[in-house]
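Colleague: here's my sequence, what's the structure:
(one chain, ligands or ions: 1)
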Amino acid sequence: MREPLVAVGVTLALVVAGAACRSEGASSAPDGGRLKVATTVAPITSIVSNIVGDRADVEGIVPEGTNSHTFEPRPSVAELLSEADVVYMNGLELEEPTKELAEQNLEDGAEVVELGTKAIPEHEYIYDFSFPEEEGKPNPHLWTDPTLAREYAEIVKDDMSDRDPDNADFYAANYEQFADLIDELDAAMREAFATVPQRKLLTYHDAYAYFAETYDWDVIGAIQVSDFEDPTPGEVAGLIDQVEEEEVRAIFGSEVFPSPVLEQIGEEAGVEYVDELRDDDLPGEPGSPEHSWLGLMRVNYITMTEALGGDASALEGVELRNVAPDTAEYPQ
Ligand SMILES: [Zn+2]
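Modeller: Numbering: from 1, shown residues only. Okay, the predicted model is just below:
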């Protein structure tokens with residue numbers, strides 16, 4: 001008697017899956033199932049999720065609060081990559097070990113899409129303090145500039161629409177709303193930054209190079225050297241002189257990279273040391289509106305504005321939200 005029962009169970013499951021597909025917007029994945037999308041750092045996972053919503057399975061690879069620049073995926077990530085239809089990465093050499101693992105494990109037809117590499121041409125790459133040109137790795141932090149995050153979202157929208165045409169209208173509508181949200185953030189940033197007496201930035205982690213060009217900030221230095229070790233005593237002395245000469249009001253560290261060196265520079269130069277910037281560690285708990293690319297941008301730019309003597313109320317007025325349900329998995 002056991003065999004027929006099992007057969008009935010299987011038939012029912014297939015009927016239910018088929019009905020769900022038809023009512024929710026069918027995926028055009030080659031196997032008829034939902035597309036599986038892998039991403040790397042959390043801000044990119046959030047941008048992708050704003051476009052894709054619940055129409056595909058989105059899973060991040062780089063745990064929040066780790067150094068994404070030196071991150072080596074565990075061998076178990078190979079399994080996720082072997083099932084992925086597409087891997088959205090930043091590129092600009094940020095995730096080389098993950099890219100290598102992807103290339104070894106992706107099935108035929110699955111692809112790596114480098115959002116940053118597609119967003120700007122090579123001649124716009126910035127090489128600077130922690131990313132000197134002679135070492136060949138450009139500054140990869142395009143997502144801290146909302147105008148470039150919009151490019152990321154557009155590339156995801158176009159690419160997902162090609163892979164999954166049945167949901168193209170959904171992706172296009174999400175992109176339009178996400179672009180509006182970016183316009184709102186962009187306007188609030190410009191309003192808040194206009195109140196900052198001196199837009200000079202000294203950070204530990206060198207994550208604001210593209211942002212600074214777009215929003216007319218002057219990045220006077222980044223303390224983290226290119227091998228992600230601490231600077232030498234001589235370099236520290238030079239930075240203290242520079243902070244005093246430039247008369248900056250505050251210097252910024254990040255949660256991911258606690259820095260006694262930066263604290264020392266702050267003390268010796270007599271300026272405030274603010275260690276609250278976040279590189280790719282989203283604020284709040286997964287599932288909350290704070291835990292988003294928008295939440296990350298808002299908290300960082302409020303922190304900078306206020307520490308440098310500006311008025312961040314325009315930024316505080318930006319309502320935190322995602323434009324599509326964030327059902328992505330964020331490894332912690
Ligand atoms: Zn970084």
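Colleague: residues in contact with V219?
Modeller: By C-beta atoms under 8 Å, 6 or more residues apart in numbering, the residues touching V219 are 128-129, 201-203, 206, 208-209, 212. To be clear about C-beta, it is placed using only N, CA and C from the backbone, and glycine gets the same treatment.
Colleague: could you break the chain into its assigned domains?
Modeller: The chain breaks down into these structural domains: 32-186, 195-316 (assignment by automatic domain parsing).
Colleague: mind checking pLDDT for Y210?
Modeller: Taken from the predicted model, the pLDDT recorded for Y210 is 98.
Colleague: what comes up buried for the one helix or strand it maps to?
Modeller: Applying DSSP states H and E as the criterion places Y210 in helix 209-215. Of the residues in helix 209-215, those buried by neighbour count under the rule 16 or more other C-beta atoms under 10 Å are 209-212, 215.
Colleague: pick the one among these closest to S46.
Modeller: Ranked by distance to S46 (C-beta to C-beta), the buried residues of helix 209-215 are led by F211 at 16.9 Å.
Colleague: who in this structure is up against the ion?
Modeller: 207, 279 (C-beta under 5 Å from the ion).
Colleague: for the chain, what are the low-confidence residue spans?
Modeller: Screening the chain residue by residue with the criterion pLDDT under 70, one finds the ranges 1-32.
Colleague: nearest to the ion: which residue in it?
Modeller: Minimum separation of the chain from the ion (C-beta to the ion) falls at D279, amounting to 4.2 Å.
Colleague: please, where are all the strands along the stretch 151-300 of the chain?
Modeller: When secondary structure is read from DSSP state E, counting those that start in this stretch, the stretch 151-300 of the chain shows strands at 200-203, 218-222, 250-254, 272-277.
Colleague: quick one: the second one to strand 250-254, angle?
Modeller: Angle of strand 218-222 versus strand 250-254, following axes from the mean of the first three to the mean of the last three C-alpha atoms, to 10 degrees, is 60 degrees.
Colleague: so what's D216 closest to, chain neighbours aside?
Modeller: R199 (6.5 Å; C-beta to C-beta, 6 or more residues apart in numbering).
Colleague: how about stretch 153-167 as CSV, C-alpha atoms only?
Modeller: As requested, the backbone C-alpha atoms of stretch 153-167 are provided in CSV (Å, rounded to 0.1, in the frame of the first residue of the first chain):
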residue,chain,number,x,y,z
ALA,A,153,20.7,48.5,-10.6
GLU,A,154,20.2,49.2,-14.3
ILE,A,155,22.7,46.5,-15.3
VAL,A,156,20.9,44.0,-13.0
LYS,A,157,17.5,45.0,-14.4
ASP,A,158,18.7,44.5,-18.1
ASP,A,159,20.5,41.3,-17.4
MET,A,160,17.7,39.7,-15.3
SER,A,161,15.2,40.7,-18.0
ASP,A,162,17.2,38.8,-20.6
ARG,A,163,17.5,35.7,-18.4
ASP,A,164,13.9,35.8,-17.2
PRO,A,165,11.8,37.7,-19.7
ASP,A,166,8.5,36.6,-18.1
ASN,A,167,9.4,38.9,-15.2
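Colleague: if anything else comes up later, I'll come back, but that's it for now.
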